[in-house]
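Novice: Everything below, folded, please.
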Amino acid sequence: MSTSLLVWIILAPLLGALANTFLYFYHIKKHKVSEIYFALIGTITPLISFLITLNLFLQMLEEKIIFKQHIFTWLSVDKLNIEMSFLGDNLSIFMSMFVTFVGWLIHIYAIGYMKNDDGFGKFFAYFNLFLASMLILVLADNPIILFIGWEGVGVCSYLLIKFYYGNKENVLAANKAFIVNRIGDFGFLLGVVTLFFALGQIDLSFGTIEANIENVSKELLIISGFLLFVGAMGKSAQIPLYVWLPDAMAGPTPISALIHAATMVTAGVYMVARFHFLYSGIEEIGLFIAYIGAFSALFAAIIATRQTDIKKILAYSTMSQLGYMFIAVGLGFYSTGLFHVFTHAFFKAMLFMGAGGIIIALHHEQNIFKIAQHRANLPIIGMTFLIGVIAISGIPPFSGFFSKDAILAAAFQEGQYLIWAIALFTAFLTAFYMFRMYFIVFVAPNHHSSDYIYTSKTITLPLFILAIGAIGAGFLNLPSVLGGNHFIDTWLGNLNSKHIHLDHMTEYVLMAISVIVAMTGIMLAYSKYSNFDVFKPENETGFIGNKFYIDEIYDSLFVQPTKAISTFIDKIVDTKIIDAFIMYSSITFINIGKKVAMIQNANVRFYAAFMLVGMTCIFVYLYITLGL
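Specialist: Presented below is the predicted three-dimensional model:
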C-alpha cells in the first residue's frame with residue numbers, strides 16, 4: 001500500500017493542473033468560475049503530496065525501508081530498457097519533503113498575490129504542473145524519467161516567466177531562459193548517452209548504474225560526469241549558463257519564489273547528488289564543480305552589490321548560494337550541500353514572497369530606492385524580511401549559519417584554501433548586499449510618514465511559517481561540536497564519500513571567523529546605507545553595475561553571429577539558391593510537360609500515325625539486328 005502511494009506524490013499536483021486547465025477553459029467561455037475553486041484545487045493538491053511524503057518519511061524512519069514503484073515498461077529494444085518507475089529512497093524523500101511543503105506555502109501565497117488577475121486559473125494550472133514536474137525529477141528511478149521532469153520544469157518556467165506575454169520584455173526573458181537551458185540540457189542528454197554506451201546495460205536504473213559503475217573506464221566517466229554537469233550549469237544558473245536567471249524575474253513573484261526555493265534551480269544540485277556514485281570516483285570533475293561553484297558564488301555576489309531591482313538582487317543571491325551548494329557536492333560532501341539546499345528553501349522563499357508583498361503594496365515598483373521613497377508600513381513583511389536577510393547572511397542561530405558554515409568547514413578540511421577564501425569573501429559580500437537592500441528598503445529615512453497597508457492573510461501566514469523554518473531549520477543538522485546529532489548528514493549518509501572530522505577547536509575558530517566576516521559586511525552596509533539619501537539613488541552603471549557586460553559579450557559572440565548566419569541561410573542559401581533551384585526545376589518540368597501535352601491532343605488520327613511510326617521503327621530495328 002505504501003509503495004503504491006509513491007506515484008500519488010506526483011499525480012496529486014498533476015491532476016490538479018489538469019483540473020484547473022479544464023476549469024479555466026470553461027471559465028474563458030464566458031462561464032465565470034470563482035477564483036476560490038482554482039485556489040482550492042491549486043493548494044489542496046500540493047498539500048496531499050506533502051502529507052503522502054510525510055507518511056512515507058515516517059515509515060522510513062521507523063522501518064529503514066526504501067520504496068520503489070514500477071508503473072509500466074516504457075521501452076524495451078535490444079539493450080535499451082526504460083521503465084516508468086519511481087524511487088523513494090532517503091535522498092528523494094528528503095527532497096520531496098521540503099519541495100512539497102515549501103511549494104504548498106508558495107501556492108497559498110499566490111492566492112493573495114494573483115487575486116483578481118485575469119489569468120488566475122491558468123496560473124494555478126501552470127503552478128501545479130511545475131510542482132509535478134519537479135517531483136517527477138526528484139522521484140525518478142532512472143535518468144530518462146529524471147529528464148522528463150528536467151524538461152518539464154524548463155517548459156513550465158518558460159510558460160510562467162512569459163505569463164504576462166503582452167509585454168515583449170517578458171517574452172524575450174522567457175525565450176532566453178528556454179534557449180540557455182536547452183544548451184545545458186543537450187549536455188545532460190549527451191552525458192546520459194555516453195554513460196549508456198559505456199555501461200552497455202539493459203537496465204538504466206540508478207541502482208544498476210551504481211552497481212556497474214566500476215566497469216566503466218575513467219575517461220568515459222570524466223566525459224559523462226562533465227556533460228551531466230553542463231546540464232546542471234543551465235538549470236542551476238552557474239557560470240557560464242547563468243544569464244537567464246536574472247531576466248527570469250519578469251514572471252510573477254510567486255513563480256520567482258518557486259523557481260528559487262523549491263524547484264528548478266535546485267535540480268542541478270540534486271542531479272549531482274543523485275549521481276554521487278559517479279562523481280565520487282572522479283576527483284577531477286568534483287574539483288571542477290567546486291571551483292565553478294566558488295567562482296559563480298563570488299561573481300554573483302559582486303554583481304548583486306550594485307543592483308537596484310529588488311528581485312534581481314535576490315536572483316543573484318540565489319546564484320551565489322547555489323555556488324556554495326556546488327562547492328559542497330563537488331568536494332564530495334553531498335549531505336552538506338543538500339543541507340544548504342534545505343535551509344535555503346525557507347529563507348529564499350520568504351525573501352521573495354516578502355519582496356512580492358512590497359511590490360504589490362507599491363503598485364509593482366521594484367527599484368529599491370523608489371520603494372524607499374514611497375515606503376509603506378508593512379510590519380509583518382518587514383520583520384520576516386529581516387529574518388531572511390539575517391539567515392542568508394549566516395548569523396547564528398539562524399539556519400543559514402549552520403549550513404553555510406558546514407560548507408566552509410568542508411572546503412577548509414579538504415585543503416582547498418582558495419575555495420575556502422573565495423567562499424568566505426562571498427559570505428562578506430552576501431551580508432553586505434543583503435543588508436544594503438534591507439537598510440535602503442526599510443530603514444533609510446525618506447522624510448515622510450509611512451502609511452500602513454493591509455496585507456492579505458494568504459501572504460502573511462506563509463511568511464510566518466517560513467520564518468520559523470528560516471530560524472530553526474539549521475538545528476536539524478546541528479554539528480556535534482555544538483551538541484547536535486547531524487540528523488540530515490545521518491539520513492543522507494549513504495551519499496557521502498567524505499565527512500567533516502575537524503577537531504573542535506578548529507571548528508570553533510572557523511565559526512568565529514565566519515561570523516566576524518558576516519558582521520563586518522553588515523556593519524559596512526549599516527554605515528553606508530542606514531542613513532542613505534534615497535532621493536539620490538545609486539545607478540546601475542560601471543563595470544559591475546552593468547554585470548561585467550556579459551550579456552553584451554554573449555550577444556556579440558553568439559547571438560549576433562547566429563542571427564547573421566540565419567539571415568545568410570534565409571536570404572542567400574534558402575531564397576537565392578534552394579528556392580531558385582526548385583523554381584527553375586519546376587519551370588523546366590512545366591515546359592517539358594507542355595511539350596508532352598502537345599502530343600496528348602485527343603486526335604485519334606494523330607495517335608494512329610504515332611502508332612504506325614512506332615511499329616515501323618520496331619520492324620526496322622528487328623530487320624537490321626536479326627536480319628529478318
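
Novice: Please state the mean pLDDT value computed over stretch 617-624.
Specialist: Averaging pLDDT along stretch 617-624 gives 82.

Novice: quick one: buried residues of the longest strand along the chain?
Specialist: Assignment by DSSP state E gives strand 67-77 as the longest strand of the chain. Neighbour-count burial for strand 67-77 flags 67, 69 (criterion: 16 or more other C-beta atoms under 10 Å). C-betas here are computed from N, CA, C, even on glycine.

Novice: CA atoms only: put it into CSV for me.
Specialist: The C-alpha atoms that make up strand 67-77 are tabulated as CSV, following Å, rounded to 0.1, in the frame of the first residue of the first chain:
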residue,chain,number,x,y,z
PHE,A,67,10.1,2.5,-1.6
LYS,A,68,10.1,1.6,-5.3
GLN,A,69,7.1,1.6,-7.6
HIS,A,70,7.1,0.2,-11.2
ILE,A,71,4.3,1.7,-13.4
PHE,A,72,5.0,0.1,-16.8
THR,A,73,7.7,-0.7,-19.2
TRP,A,74,8.1,2.3,-21.5
LEU,A,75,10.6,0.9,-24.0
SER,A,76,12.4,-2.4,-24.4
VAL,A,77,14.6,-2.5,-27.5
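
Novice: Just the residues contacting it, thanks.
Specialist: 2-4, 6-7, 56, 60, 81-89, 93, 141, 144 (C-beta atoms under 8 Å, 6 or more residues apart in numbering).

Novice: of these, buried ones?
Specialist: Among the contacts of strand 67-77, those scoring as buried are 6-7, 56, 60, 81-89, 93, 141, 144 (criterion: 16+ other C-beta under 10 Å).

Novice: pLDDT below threshold where in the stretch 101-250 of the chain?
Specialist: Low-confidence segments of the stretch 101-250 of the chain (pLDDT under 70): 201-203.

Novice: cutoff 80 now
Specialist: 200-204 (pLDDT under 80).

Novice: pLDDT of the strand or helix carrying residue 296, averaged?
Specialist: Assigning secondary structure by DSSP states H and E places residue 296 in helix 283-304. Mean pLDDT, helix 283-304: 95.

Novice: Now it: buried residues?
Specialist: Applying 16+ other C-beta under 10 Å to helix 283-304 flags 285-304 as buried.

Novice: swap in stretch 145-163?
Specialist: Neighbour counts over stretch 145-163 (16+ other C-beta under 10 Å) mark 145-147, 149-154, 156-163 as buried.

Novice: Could you do stretch 479-496 as well?
Specialist: Buried residues in stretch 479-496 (16+ other C-beta under 10 Å): 479, 481, 486, 488-489, 491-492, 495-496.

Novice: next one: stretch 541-557
Specialist: Neighbour counts using 16+ other C-beta under 10 Å place residue 547 of stretch 541-557 among the buried residues.

Novice: How about stretch 369-379?
Specialist: 369-373, 375-376, 378.

Novice: hang on, the earlier thing: helices - which of the buried residues of stretch 145-163 land there?
Specialist: 145-147, 149-154, 156-161 (DSSP state H).

Novice: Which one of those is nearest to residue 137?
Specialist: Closest approach to residue 137 among those (C-beta to C-beta): residue 149, at 2.9 Å.

Novice: Quick one: residues contacting the closest one.
Specialist: 133-138, 140, 267.

Novice: Try it again at 7 Å.
Specialist: 133-134, 136-137, 140 (C-beta atoms under 7 Å, 6 or more residues apart in numbering).

Novice: Can you tell me the closest non-neighbouring residue to residue 477?
Specialist: residue 488 (4.0 Å; C-beta to C-beta, 6 or more residues apart in numbering).

Novice: mind checking how far that neighbour is from residue 169?
Specialist: 40 Å (C-beta to C-beta, to the nearest Å).

Novice: Residue 346 now?
Specialist: Distance, residue 346 to residue 169, by C-beta to C-beta: 31 Å.

Novice: go on, residue 21?
Specialist: Distance, residue 21 to residue 169, using C-beta to C-beta: 27 Å.

Novice: More neighbours: these two, which one.
Specialist: Neighbour tally, residue 21 and residue 169, criterion other C-beta atoms under 10 Å: the higher count belongs to residue 21, 17 against 11.

Novice: Run through the helices of the stretch 101-250 of the chain in chain order.
Specialist: Taking DSSP state H, counting those that start in this stretch as the criterion, the stretch 101-250 of the chain carries its helices at 120-139, 143-161, 168-199, 206-212, 218-235, 244-247.

Novice: one step back: quick check: the farthest pair among the buried residues of stretch 479-496?
Specialist: Counting by C-beta to C-beta, the most remote pair of the buried residues of stretch 479-496 is 481 and 495, 21.8 Å apart.

Novice: show me the residues around the closest residue to residue 39 other than its chain neighbours that make contact.
Specialist: Nearest residue to residue 39, sequence neighbours excluded (C-beta to C-beta, 6+ apart): residue 111, at 4.7 Å. Residues in contact with residue 111, defined by C-beta under 7 Å, 6+ apart, are 39, 43, 458.
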